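*Asks:* Need coordinates for the below:
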Amino acid sequence: MATIEEQIEQAKQRIKQLEARKKQIEARKLHLLIKGRRSNDTRRKILAGALVLEMMEKDEAAKQRFLERLDKFLKRPDDRKLFGLPALAETESA
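*Replies:* As a prediction, the model looks like this:
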């Protein structure tokens, strides 16, 4: 039979283990919450983008207005190419 001091030490070790486990669980919950928010944000962007693309197909004026805004907004060459926009001059992109 373990002495009382040994039992106390074992209990302290068990408490440390349980506290570490609790931290792991809390970190996992936080990660899932953040991941869920990112997933929702991505889904909103996809759905809004799909709506805009549909509007662009059906309304030439809306398409032109949107492309004008994209022309001012997009800076990266690969992003601009996606929408058929010309590359920016070196001085403009810097």
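*Asks:* Low-confidence stretches in the protein?
*Replies:* The chain contains residues with pLDDT under 70 at 1, 90-94.
*Asks:* what about the residue nearest the centre of the chain, which helix or strand?
*Replies:* In the chain, the residue lying closest to the centroid (Cα atoms, centre = their mean) is R38, at 3.8 Å. Element membership for R38 (DSSP states H and E) is helix 4-58.
*Asks:* How far off centre is that helix?
*Replies:* Offset of helix 4-58 from its chain centre (Cα atoms, centre = their mean, to the nearest Å): 13 Å.
*Asks:* Show me what it packs onto, helices and strands only.
*Replies:* Judged by 3 or more Cβ pairs under 8 Å, 6 or more residues apart in numbering; DSSP states H and E, helix 4-58 is in contact with helix 60-73. C-beta here means a position set from N, CA and C on the backbone, and glycine is covered the same way.
*Asks:* mind listing what's buried in the next helix or strand after the helix it packs on?
*Replies:* Using DSSP H and E, the helix or strand that follows helix 60-73 towards the C-terminus is helix 77-82. The neighbour-count check on helix 77-82 (16 or more other Cβ atoms under 10 Å) flags R80 as buried.
*Asks:* What are the contacting residues of helix 77-82?
*Replies:* Contacts of helix 77-82 with the rest of the structure, by Cβ atoms under 8 Å, 6 or more residues apart in numbering, involve D71, L74, P86, A87, L88, S93.
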